[in-house]
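compute the structure for the input listed below.
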Amino acid sequence: MARVLITGASGFIGGFLVEQALQQGHEVWATVRKNSDRNRLADPRIHLISLPLDHAEKMAEVLAPLGRFDWVIHNAGVTKAIYRDAYFEGNAGNTRRLVLALKQAQVVPDKFLFVSSLAALGAAPDNQMRVQEGQTPKPLTPYGESKRSAEQFLESDSVDFPWVAVQPTAVYGPWERDILSFIQLVNKGLELTIGTQVQKLSFVHAQDLAAAIFKILEHPTAIHRKYIISDGKDYQTADLGNAVRMALGRTSTLKIKIPIGIIQQIAGIAEMIGRWRNKPSPLNREKIPELTAKNWHCDVTPLLAEIQFQPAFDLYQGMHQTIHWYKKQGWI
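Below you'll find the model as predicted:
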């Protein structure tokens, strides 16, 4: 049994990390904020703590009395923001401060796993068949740039700090709300896609992502490196709609391809509304390069060969399980 500290535990991916840790019998410590949704953290085995990620010294004061953790999973991060600086503060800044706090409190773990993103690498270049480890990072969005900045900080500290990072592709599963919007439209008979070109896509179920993370933590040589995570399958634009329709039991939908120019206008309006409401929009103009990049197929050979991880779900199986959960919860 390991002592595990999980940041961002109340979020979509964080909930699966906590669940996986409990299933494996680990001692789980989960960071929460005052306004965190704790519906998935009700298990009495979970130790809840408040960790001020915006202040290294205060974090060190919290961490020192707790003693050393075997593993720290730094999953907390910013995926939507109104302003560019918020991505860097929430992703790179918080990562740097947490590492400094662990050192200052003298509780450096056996392994510090940073949940980054495939967005930190960017899409596959035109001369490559897949996004792969070692390619020159070219993030397409401020979010991706901020995750890359956090990775660079860890890479610069590789001599005496036991970091490892994961770069998951698009993650879906129960509790997720972005793909849910697409599913709800398909359930009403409307299937919208962006642009007219076929896009190469990759996905991973959140349950598989959590399982892969713990396999990496357990692996003795998985240190000072990054692992791309997907379900190992190649998909195209139509597969997401096909998987959703099959899971919903729909035989047909009205399919509409929205031109990029119109999407940019919609995204611009959504940004203005978001600023007015002081709430970031899931769709913004900065995200469009990721949504329209040609090739997100992934090379996950290191994950499958070295870590010997085998995903439980492909997109079709995973979407069936996810939509069954949505229906049971009354979300669709």
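
what's the burial count for Ile82?
Ile82: 15 surrounding residues under other Cβ atoms under 10 Å. To be clear about C-beta, it is placed using only N, CA and C from the backbone, and glycine gets the same treatment.

secondary structure element for it, which one?
Using DSSP states H and E, Ile82 is not contained in any helix or strand.

any idea how far it lies from Glu286?
Computed as Cβ to Cβ, to the nearest Å, the Ile82 to Glu286 distance reads 11 Å.

quick one: terminal-to-terminal distance for stretch 129-140?
End-to-end span of stretch 129-140 (Cα to Cα, to the nearest Å): 18 Å.

in it, what counts as buried?
130-133, 137, 139-140 (16 or more other Cβ atoms under 10 Å).

so where do the strands sit in the stretch 201-332 of the chain?
203-205, 226-229, 235-236, 254-258 (DSSP state E, counting those that start in this stretch).

what's the model's confidence in the second one, averaged?
Averaged across strand 226-229, pLDDT comes to 97.

for that strand, packing partners?
Contacts defined by 3 or more Cβ pairs under 8 Å, 6 or more residues apart in numbering; DSSP states H and E place strand 226-229 against strand 163-168, helix 206-218, helix 301-305.

ok, it: who's next to it in the sheet?
Partners of strand 226-229 in the sheet, by DSSP bridges, are strand 163-168 (parallel).

quick check: mean pLDDT of the partner strand?
pLDDT averaged over strand 163-168 gives 98.

returning to that earlier point: tell me which of the strands of the stretch 201-332 of the chain lies nearest to Ser146.
strand 226-229 (15.7 Å; Cβ to Cβ).

residues contacting that closest one, please?
Contacts with strand 226-229, where a contact means Cβ atoms under 8 Å, 6 or more residues apart in numbering, come from 116, 118, 121, 131-133, 151, 164-169, 204, 208-209, 212, 216, 298-300, 302-303, 307.

what is the neighbour count of the closest residue to Ala2 other than its chain neighbours?
The spatially closest residue to Ala2, leaving aside those adjacent along the chain, is Asp70, at 3.9 Å (Cβ to Cβ, 6 or more residues apart in numbering). Neighbour count of Asp70, defined by other Cβ under 10 Å: 15.

OK, contacts around Asp70?
With contact taken as Cβ under 8 Å, 6+ apart, Asp70 is in contact with 2-4, 109-111.

one more: Arg97?
Per Cβ under 8 Å, 6+ apart, neighbours of Arg97: 53-56, 59.

got those residues as JSON lines, with secondary structure, distance to Arg275 and pLDDT columns?
Formatted as JSON lines, the contacts of Arg97 follow (DSSP: H, G, I helix; E, B strand; the rest coil; distance: Cβ to Cβ, whole Å; pLDDT from 0 to 100):
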{"residue": "Leu53", "secondary structure": "coil", "distance to Arg275": "24", "pLDDT": "94"}
{"residue": "Asp54", "secondary structure": "coil", "distance to Arg275": "22", "pLDDT": "93"}
{"residue": "His55", "secondary structure": "coil", "distance to Arg275": "27", "pLDDT": "94"}
{"residue": "Ala56", "secondary structure": "helix", "distance to Arg275": "30", "pLDDT": "95"}
{"residue": "Met59", "secondary structure": "helix", "distance to Arg275": "31", "pLDDT": "97"}
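
narrow these to just the buried residues.
Buried members of these, counted by 16+ other Cβ under 10 Å: 53, 56, 59.

mind checking how far the last one is from Val107?
When distances are taken as Cβ to Cβ, Met59 and Val107 turn out to be 11 Å apart.

count the residues that sit near Gln128.
13.

the closest residue to Ile256 other than its chain neighbours and Leu291, how far apart?
Spatial nearest neighbour of Ile256, chain neighbours left out: Leu192 (5.4 Å); criterion: Cβ to Cβ, 6+ apart. Note on Leu192: its distance to Leu291, by Cβ to Cβ, is 12 Å.

now swap in Asp110 and tell me
Distance, Asp110 to Leu291, by Cβ to Cβ: 38 Å.

same question, Tyr316
Distance of Tyr316 to Leu291, computed by Cβ to Cβ: 22 Å.

so where's the stretch 101-250 of the chain shaky on pLDDT?
Applying pLDDT under 70 to the stretch 101-250 of the chain picks out residues 158-159.

would you list every one of the helices in it?
Here the stretch 101-250 of the chain has its helices, by DSSP state H, counting those that start in this stretch, at 142-156, 178-187, 206-218, 237-248.

include distance to Thr31 when you put those helices into CSV, please.
CSV is the format used below for those (distance: least, Cβ to Cβ, whole Å):
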stretch, distance to Thr31
helix 142-156, 17
helix 178-187, 23
helix 206-218, 16
helix 237-248, 32
